[in-house]
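Colleague: output the structure for:
(one chain, ligands or ions: 1)
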Amino acid sequence: MVDINDPVVKGYFINLVGEEGFKVVQKMPMEEVTDEKISEVTGVLLNIVRRTLFILYENRLAVYRRVRDTDSGWLTYLWKLDLGNLNAQLELEAKKVLRNLKVKLEFEEGKVFYTCKNQCNRYLFEYATELEFICPICDEKLEYQDNDIIINALKRRILELEALTSGVPA
Ligand SMILES: [Zn+2]
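Modeller: Here you go, the predicted structure:
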């Protein structure tokens, strides 16, 4: 059983389908329903419901079944959440974030950065030299920026995520 309101799960969904989309996930009926019905039950606009369902479907978190109305001959889509795949998706997501963090860490390590007091941008030492230590955006002096804080924060986050993603079968 998935706890939709678990902070990690909630964060994942909000990132995926937005705040309104998350309402759909939270309040969607358990049985098969049409998008109109979902909109009615959740109070979320129909076009947002449709967009949300499509994204969930693409991420294999929702399924649909098409049925033809015997009277009108129209096709109706019946939707259902399918969160059986959620843990695998969370795992994938965590691995993606982990990869990005490692790339960032690699970029930060062993480098010397300069920035102005307005922090317009960060410049590597070589480039700061070319700029004669003047920020090209605000004309303030460029000064050495200690990136140890950034490196330590990245390392800590990497360790946390590694603990979270290890031991769970992919
Ligand atoms: Zn500046």
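
Colleague: longest helix in the chain, please.
Modeller: Longest helix in the chain by number of residues, with DSSP state H as the criterion: helix 86-108.

Colleague: show me the helices in this structure, by range?
Modeller: In chain order, the chain shows helices spanning 7-27, 35-42, 46-58, 86-108, 125-130, 148-165, with DSSP H as the criterion.

Colleague: ok, residues contacting the second one?
Modeller: This means helix 35-42. Outside helix 35-42, the residues within contact range by C-beta atoms under 8 Å, 6 or more residues apart in numbering are 23-24, 26-29, 33, 44-46, 49-50, 53, 77, 79. Placement of C-beta: from N, CA and C, glycine included.

Colleague: give me the buried subset of those residues.
Modeller: 23, 24, 28, 33, 44, 49, 50, 53, 79 (16 or more other C-beta atoms under 10 Å).

Colleague: give me the pLDDT value at the closest residue to the fourth one other than its chain neighbours.
Modeller: In this case it means residue 33. Nearest residue to residue 33, sequence neighbours excluded (C-beta to C-beta, 6 or more residues apart in numbering): residue 79, at 5.9 Å. Predicted confidence (pLDDT) at residue 79: the value is 97.

Colleague: please apply the same query to residue 167.
Modeller: 54.

Colleague: got it, and residue 105?
Modeller: Looking at residue 105, its pLDDT reads 97.

Colleague: quick one: it from residue 40, how far?
Modeller: 48 Å (C-beta to C-beta, to the nearest Å).

Colleague: contact residues of the chain facing the ion?
Modeller: For the chain, the residues in contact with the ion under the definition C-beta under 5 Å from the ion are 116, 118, 120, 135, 137, 138, 140.

Colleague: wait, the fifth one sits on residue 120?
Modeller: Yes: using C-beta atoms under 8 Å, residue 137 is in contact with residue 120, at 3.9 Å.

Colleague: and those two? Which one has more around it.
Modeller: Just comparing residue 137 and residue 120: by other C-beta atoms under 10 Å the higher neighbour count belongs to residue 120, 15 against 10.

Colleague: for that one, which residues are in contact?
Modeller: 135, 137, 138.

Colleague: in TSV, list these along with distance to residue 89 and pLDDT.
Modeller: Formatted as TSV, the contacts of residue 120 follow (distance: C-beta to C-beta, whole Å; pLDDT from 0 to 100):
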residue	distance to residue 89	pLDDT
135	42	97
137	40	96
138	43	97
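
Colleague: out of these, which is nearest to residue 95?
Modeller: Lowest distance from residue 95 to those (C-beta to C-beta) belongs to residue 137, with 36.0 Å.
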